[in-house]
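K.L.:
Provided below are the primary sequence and the corresponding predicted coordinates.
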Amino acid sequence: MKNRLITLSIALIAAAAARGTTVIPPSFDQLVDQAEVIFQGGVTGVRSQWVGEGAQRHIVSYVTFRIEDTLKGEAGSSYTMQMLGGTVDGETMEVTDCPKFQVGDRDILFVEHNGSQFVPLVGIMNGRFRLQHDEASGNEVVVTGEGHPVANVSQLGKDEEAISIGQVLSTDQFKSEIRSRMKPKAEQ
């Protein structure tokens, strides 16, 4: 019962917040521009704990990544994101549309305001791109957090189905698109 109360409370808070704030999917250029840190990495640990006291008490999860490639900012050899929600001693606190990470996941992440924002990804779920093995091509490819294959970065934030039209981008192609957007405007 207590577990359901926490989930219900968070759902009510999230519903109230949703009425006041709507996440408009960012364009690819907005993802790159707004991110303080962009990296490719694999999840090596997920740890949740209670923080705060009384009415301010809540669960926070710490997701640690082994950094494979830093594309923007300083990520170091490992990077830990702090996110609202998680499970501690059988009690779960969930945030609607918040990405869930598991050890072994590999992603390219667009991070902003880590430690001061309830989900430190640009556009919440829009700032996560999963890396998956494509059986047909044998390549590692990029999919959105919702699992849509990414073939056209210019369609991100516009038409979720259009991003899947065409050949799915490999990890290297996707990272090349990120790097090309980071060049000073005068060079483009």
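P.N.:
It's in. Residues are numbered from 1 along each chain as shown.
K.L.:
give me the low-pLDDT residue ranges for this structure?
P.N.:
1-22, 183-188 (pLDDT under 70).
K.L.:
let me see the contact set for the residue nearest the centre of it.
P.N.:
Centroid check for the chain by CA atoms, centre = their mean gives residue 128 as the closest residue, at 3.2 Å. Shown in contact with residue 128 (CB atoms under 8 Å, 6 or more residues apart in numbering): 99, 107, 109-110, 121, 144-145. Backbone N, C-alpha and C define where each C-beta goes, glycine included.
K.L.:
now it, nearest residue through space, not along the chain?
P.N.:
Computed as CB to CB, 6 or more residues apart in numbering, the closest residue to residue 128 that is not its neighbour in sequence is residue 145, at 4.0 Å.
K.L.:
check residue 151 too.
P.N.:
Nearest to residue 151 is residue 166, by CB to CB, 6+ apart, at 3.8 Å.
K.L.:
just to check, that neighbour is in contact with residue 150?
P.N.:
No. Judged on CB atoms under 8 Å, residue 166 makes no contact with residue 150 at a distance of 9.8 Å.
K.L.:
neighbour-wise, which of the two wins?
P.N.:
Neighbours per residue (other CB atoms under 10 Å) separate residue 166 from residue 150, with residue 150 holding more: 23 against 12.
K.L.:
phi first, then psi, for the more buried one.
P.N.:
phi -100, psi 120 (degrees, to the nearest 10).
K.L.:
which non-adjacent residue is nearest it?
P.N.:
residue 142 (4.6 Å).
K.L.:
in the helix or strand containing that neighbour, which residues are buried?
P.N.:
Assigned by DSSP states H and E, residue 142 falls within strand 140-144. Buried positions in strand 140-144, judged by neighbour count with 16 or more other CB atoms under 10 Å: 141-144.
K.L.:
same check on stretch 38-57?
P.N.:
38-41, 43, 46, 48.
K.L.:
and those, which of them are in strands?
P.N.:
Taking DSSP state E as the definition of strands, the buried residues of stretch 38-57 contribute 38-41, 43, 46, 48.
K.L.:
as a markdown table, those residues with distance to residue 90 would be great.
P.N.:
As requested, these are exported to a markdown table (distance: CB to CB, whole Å):
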| residue | distance to residue 90 |
| --- | --- |
| 38 | 36 |
| 39 | 33 |
| 40 | 34 |
| 41 | 29 |
| 43 | 22 |
| 46 | 16 |
| 48 | 11 |
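K.L.:
which one of the residues you listed sits closest to residue 134?
P.N.:
residue 40 (16.6 Å; CB to CB).
K.L.:
which residues are in contact with the closest one?
P.N.:
67-69, 71, 106-108, 131, 171, 175.
K.L.:
now, among those, which is nearest to residue 95?
P.N.:
residue 107 (17.9 Å).
K.L.:
next helix or strand past the helix or strand harbouring the closest one?
P.N.:
Following DSSP H and E, one finds residue 107 within strand 106-111. Next helix or strand after strand 106-111 toward the C-terminus (DSSP H and E): strand 128-133.
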